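*Asks:* here is my input, please return the structure:
(2 chains, ligands or ions: 2)
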2 protein chains.
Amino acid sequence: MAKVLTSRSENYAQWYNDLVIKADLAENSPVRGCMIIKPYGYAIWEKIQAQLDKMFKDTGHQNAYFPLLIPKSFLSKEADHVEGFAKECAVVTHYRLKNDPNGKGVIVDPDAKLEEELIIRPTSETIIWSTYKNWIQSYRDLPILCNQWANVMRWEMRTRLFLRTAEFLWQEGHTAHATKEEALIETKQMVDIYGEFAEKWMSVPVLKGHKTESERFAGALDTYCIEALMQDGKALQAGTSHFLGQNFAKAFDVKFTNKEGKEDYVWATSWGVSTRLMGALVMAHSDDNGLVLPPKLAPIQVVIVPIYRKAEELEKIAEKINPIVANLKAKGISVKFDDSDNRKPGWKFAEYELKGVPVRLAIGARDLENGTIELARRDTLTKETVSIDGVEDVIENLMEEIQNSIFQKAFDFRAEKTTKVDTYEEFKELLESKTGFFLAHWDGTAATEEKIQTETKATIRCIPFESDGEEGVCMVTGKPSKQRVVFAKSY
Amino acid sequence: MAKVLTSRSENYAQWYNDLVIKADLAENSPVRGCMIIKPYGYAIWEKIQAQLDKMFKDTGHQNAYFPLLIPKSFLSKEADHVEGFAKECAVVTHYRLKNDPNGKGVIVDPDAKLEEELIIRPTSETIIWSTYKNWIQSYRDLPILCNQWANVMRWEMRTRLFLRTAEFLWQEGHTAHATKEEALIETKQMVDIYGEFAEKWMSVPVLKGHKTESERFAGALDTYCIEALMQDGKALQAGTSHFLGQNFAKAFDVKFTNKEGKEDYVWATSWGVSTRLMGALVMAHSDDNGLVLPPKLAPIQVVIVPIYRKAEELEKIAEKINPIVANLKAKGISVKFDDSDNRKPGWKFAEYELKGVPVRLAIGARDLENGTIELARRDTLTKETVSIDGVEDVIENLMEEIQNSIFQKAFDFRAEKTTKVDTYEEFKELLESKTGFFLAHWDGTAATEEKIQTETKATIRCIPFESDGEEGVCMVTGKPSKQRVVFAKSY
Ligand SMILES: [Zn+2]
Ligand SMILES: [Zn+2]
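*Replies:* Ligands and ions are numbered 1, 2, ... in the order given. The predicted model follows:
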């Protein structure tokens, strides 16, 4: 079987791009920077959506939908926000085309120019807070706990499938609260949900913490994040939750009357994850043979490949397999019996390996005689012959085992790639030879942060919530530091 | 209780708008023509989506996602298509804003002009068929059965919440087939699914048939539709399924090698329903007190309102009600026990009536003594006192009964509002005094169709699939007609 992917060691970026395309996850579109999410990729995204949506609803959130387009003037109402987002946006200036009088095709109708340009939402704080103004009068109207699943657009110059695209799909939660404390609890709750989802569903271990001031969301007072480590030792920010204080309430004049009858501005949070999670999922686990998917997010969890020569052999195999398929489905396990006759078993094996199907069963005439079946695990690439009786229970247990095993592998990898560093010299040296997370003391200033970034390209990924309490001195300036922060090169 | 809605008889259009807003379904946004779908409205849309998505997947379709933006030149590749869609589109011409050097705020950066303008998709045939070209080489690659849930935009001048908005949410299926026959079967299958969904889930009876040539989708060889009748006697097109022939394959040069080794163009269909269904749902069933929702699409199916004075009374009611809530949930019935103390029972009754909750239970101290509970049906506005023991089963049965009863009421209404007409004079006269569907003979020409529309404002809603076989002569020209067609004034 010829290798279809560039190997990770040869060229990690190329391996990733090959894999996304060859495994039918996504491809580039004729519109620069915009991707097409193919059915197999979209099926994974649907599983991500379904679980997150459940977690949001279980914590009292409701979905809603706000307009795609935002009046240009809205963006400049929150001063920091416009600095962060106004730069690279798709701008709608006209609302009509007309036939080209000088030839074929269509041209923009100059008579149909908008009075005020509209921006395709890069994020929806502004349009949502202009709406909340009408929804909120009293503390009785609070909290508002809305989420929206939507497409957004940021005009990126250098794009990579899933990781950075001009248009992407995401969810954005926007909540409104009567008190600062409640908003802070919400901000933390949502980053915890993201962390739980990443670890339990994606099998990707994450660090949770604060972003530094310079890495905060434009308009936020604090940004919490989850940071994952990819196989090339680079960090990937997989989700963020923002405490917005009263910034957007002030920008859009959203006040409420509290229980004591006094007016105050409303407190806000926003939080989001995007199709970037697909990139994290691919890069965290997959290998040179293709995708490795945790069972909880695999569109097909088990594939069964019959090995046969004659139609009557296939018939006998099908007789044996059909009840197993039914039993697996009854257990909630998605299974595909691939009895198509236009591809050889070897081709199928490679194909499902590429697609990351967690468990593959193969069965031939001799297996039928012996009452056995060959069971292959995608994550470990191991094979064993097992009894066909009771294979459903074996598989059910395996689903959980694989889910955990993939997590453990990523967890061990991260542990191995996490290094404590105490001097800036050592830090710079290590960055040349090694990748991963570096735990170091920092003096808390933007100046030092910038110096490090300029000199090493490493950034502070987060200031972890959990610290071992070990105080120290900044590796650059020698000034005091309360805890180590996490440095890494990143996506 | 003061009426919160304009009555239907007073002003049907105003009643509809009042209801959509007061029942928290949707509202207008600061962006002209774009709506905000509020959480309660969106919860209904999610139920619509979930059921349709299941029906699509059960028939072998997969979801995917294609770009929001379409290069301007794509629109003109299919000649009819550009005529139908290019006129009123949102046009992206720039990709950057910058700070206004002459003041505060931001302006469009003239240096960031796109070489080719991009259009926000009004529908995605062009971008999808430009993609299918790369996916299809051989008959083995067919059929492709893709659907996408997405936002689309058509620059409408006169908008109405849900019924006609510049941006709306929809699903668009786009399939590719090796033969004409297969594409025609798919086209029919999807309009049948829409019909089944409308009747079984929305409780809205629909007529299924062909659109006339002049009412076809731009680029289609045939358009099938479902047509529903609203309470004001106007028709509403609720879903369409298009047989596109080889038009888009030719426009985007999508050929395949068939089993015989010959090249041919691929056959296409597309089909869609949108948030317009929300408008149909509201207008078909609701009354002057508010929404009437069929149980299958109601976000809350049962509300329980406790009637009490003291906290200990509420405690006793809650003790009795909590197991009932649990039992109803176990039956898959969504139930809300509204024990909030900031609103009186009368306010709650009106509120849940406005929101269309199918069943309301009310329970007070005397009910506790008697072992009874008051049960009110939203659709019939009837109340009865029933035994609290076994009320869960009563409610379970009632869910189906209400679902069917709402359908039957709409069905009877339609029957009453359907009139056979044989002369054009009678047709014109009746249109002045009566609304609804008019079944009449038509000669099949666009000229006659246009004459009728110009003179009466009634259009041909569809040429029904099912005809009683009664031939006749066109009411206008006296030329022969094979079957009656359906005329109505419409949304
Ligand atoms: Zn912080
Ligand atoms: Zn037809």
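
*Asks:* where exactly do the helices run in the stretch 351-491 of chain A?
*Replies:* Taking DSSP state H, counting those that start in this stretch as the test, the helices found in the stretch 351-491 of chain A are A:365-370, A:391-416, A:424-433, A:446-456.

*Asks:* which of these sits most buried?
*Replies:* For the helices of the stretch 351-491 of chain A, the largest average neighbour count (mean count of other Cβ atoms under 10 Å in any protein chain shown) is found in helix A:391-416, namely a mean of 17. Just so you know, the C-beta spots here come from the backbone N, C-alpha and C atoms, and that holds for glycine as well.

*Asks:* so what does it touch, helix or strand wise?
*Replies:* strand A:222-229, helix A:276-285, helix A:311-330, strand A:359-363, strand A:372-377 (3 or more Cβ pairs under 8 Å, 6 or more residues apart in numbering or on different chains; DSSP states H and E).

*Asks:* rewinding a little: and ligand 2, which of the helices of the stretch 351-491 of chain A is closest to it?
*Replies:* With respect to ligand 2, and counting by Cβ to the ion, the nearest of the helices of the stretch 351-491 of chain A is helix A:391-416 at 48.9 Å.

*Asks:* is chain B within reach of stretch A:160-167?
*Replies:* Yes. For a cut-off given as Cβ under 8 Å from any Cβ of the partner chain, stretch A:160-167 has contacts with chain B, namely A:E167.

*Asks:* how about the helices of the stretch 351-491 of chain A, which one is nearest A:I44?
*Replies:* For A:I44, the closest of the helices of the stretch 351-491 of chain A is helix A:391-416, at 14.4 Å, according to Cβ to Cβ.

*Asks:* next up, the contacts around A:F337.
*Replies:* By Cβ atoms under 8 Å, 6 or more residues apart in numbering or on different chains, the contact set of A:F337 is A:303-304, A:306, A:318, A:321-322, A:325.

*Asks:* save the helices of the stretch 351-491 of chain A as CSV, and put in distance to B:G195 and mean pLDDT too.
*Replies:* Output for the helices of the stretch 351-491 of chain A, formatted as CSV (distance: least, Cβ to Cβ, whole Å; pLDDT from 0 to 100):
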stretch, distance to B:G195, mean pLDDT
helix A:365-370, 46, 95
helix A:391-416, 39, 98
helix A:424-433, 64, 94
helix A:446-456, 60, 97
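
*Asks:* so which of these comes closest to B:K331?
*Replies:* Among the helices of the stretch 351-491 of chain A, helix A:391-416 comes nearest to B:K331, with 27.5 Å by Cβ to Cβ.

*Asks:* ok, now how distant is A:V305 from A:N289?
*Replies:* 16 Å (Cβ to Cβ, to the nearest Å).

*Asks:* can you check A:E315 too?
*Replies:* For A:E315, the distance to A:N289 - Cβ to Cβ - is 32 Å.

*Asks:* swap in A:H94?
*Replies:* Separation of A:H94 from A:N289 (Cβ to Cβ) stands at 49 Å.

*Asks:* what does the stretch 201-350 of chain A put close to ligand 1?
*Replies:* A:210, A:222 (Cβ under 5 Å from the ion).

*Asks:* for the residue of the stretch 201-350 of chain A at minimum distance from ligand 1, give me its contacts.
*Replies:* Proximity of the stretch 201-350 of chain A to ligand 1 (Cβ to the ion) peaks at A:H210, 3.1 Å away. Each residue near A:H210 by Cβ under 8 Å, 6+ apart is listed here: A:222-225, A:462-463, A:465.

*Asks:* pick out the residue nearest the middle of chain A.
*Replies:* Centroid-nearest residue in chain A: A:L277, 1.5 Å away (criterion: Cα atoms, centre = their mean).

*Asks:* the more surrounded of A:V305 and A:N289?
*Replies:* Regarding A:V305 and A:N289, a neighbour count based on other Cβ atoms under 10 Å in any protein chain shown identifies A:V305 as having more, with 26 against 18.

*Asks:* circling back: scan the contacts of A:H210 and report the most crowded one.
*Replies:* Most surrounded of these: other Cβ under 10 Å gives A:Y224, at 27 neighbours.

*Asks:* give me the phi and psi for the closest residue to it other than its chain neighbours.
*Replies:* For A:Y224, ignoring the flanking residues on the chain, the nearest one in space by Cβ to Cβ, 6 or more residues apart in numbering or on different chains is A:V191 at 4.0 Å. Main-chain torsions, A:V191, degrees, to the nearest 10: phi -70, psi -30.

*Asks:* these two touch, right, A:V191 and A:G239?
*Replies:* Yes. Using Cβ atoms under 8 Å, A:V191 is in contact with A:G239, at 7.0 Å.

*Asks:* anything in contact with each of these two?
*Replies:* With Cβ under 8 Å, 6+ apart, A:V191 and A:G239 have common neighbours A:225-226, A:271.

*Asks:* turn those residues into TSV, including distance to ligand 2 and pLDDT.
*Replies:* Listed next are the shared contacts of A:V191 and A:G239 as TSV, based on distance: Cβ to the ion, whole Å; pLDDT from 0 to 100:
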residue	distance to ligand 2	pLDDT
A:C225	55	98
A:I226	54	98
A:W271	49	98
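
*Asks:* let me know the closest of those to B:E400.
*Replies:* Closest to B:E400 out of the shared contacts of A:V191 and A:G239 is A:W271 (40.0 Å), distances taken as Cβ to Cβ.

*Asks:* residues contacting the closest one?
*Replies:* A:172-173, A:187, A:190-191, A:194, A:239-242.

*Asks:* thinking again about what came up before, now the residue nearest to A:Y224: how far from B:D53?
*Replies:* Taking Cβ to Cβ, one finds A:V191 at 30 Å from B:D53.

*Asks:* measure A:L68 to chain B for me?
*Replies:* For A:L68, the distance to chain B equals 5 Å [Cβ to the nearest Cβ, to the nearest Å].

*Asks:* typo on my end, A:K104
*Replies:* To chain B, A:K104 is 7 Å away according to Cβ to the nearest Cβ.

*Asks:* can you report phi and psi for the residue of the stretch 201-350 of chain A closest to ligand 1?
*Replies:* Dihedral angles (degrees, to the nearest 10) for A:H210: phi -90, psi 140.

*Asks:* same thing with A:W135?
*Replies:* Dihedral angles for A:W135 - degrees, to the nearest 10 - are phi -90, psi -20.

*Asks:* what's the pLDDT at it?
*Replies:* Looking at A:W135, its pLDDT reads 98.

*Asks:* quick one: A:I36 and B:F66 touch, right?
*Replies:* Yes. With contact defined as Cβ under 8 Å, A:I36 counts as touching B:F66 (5.5 Å).
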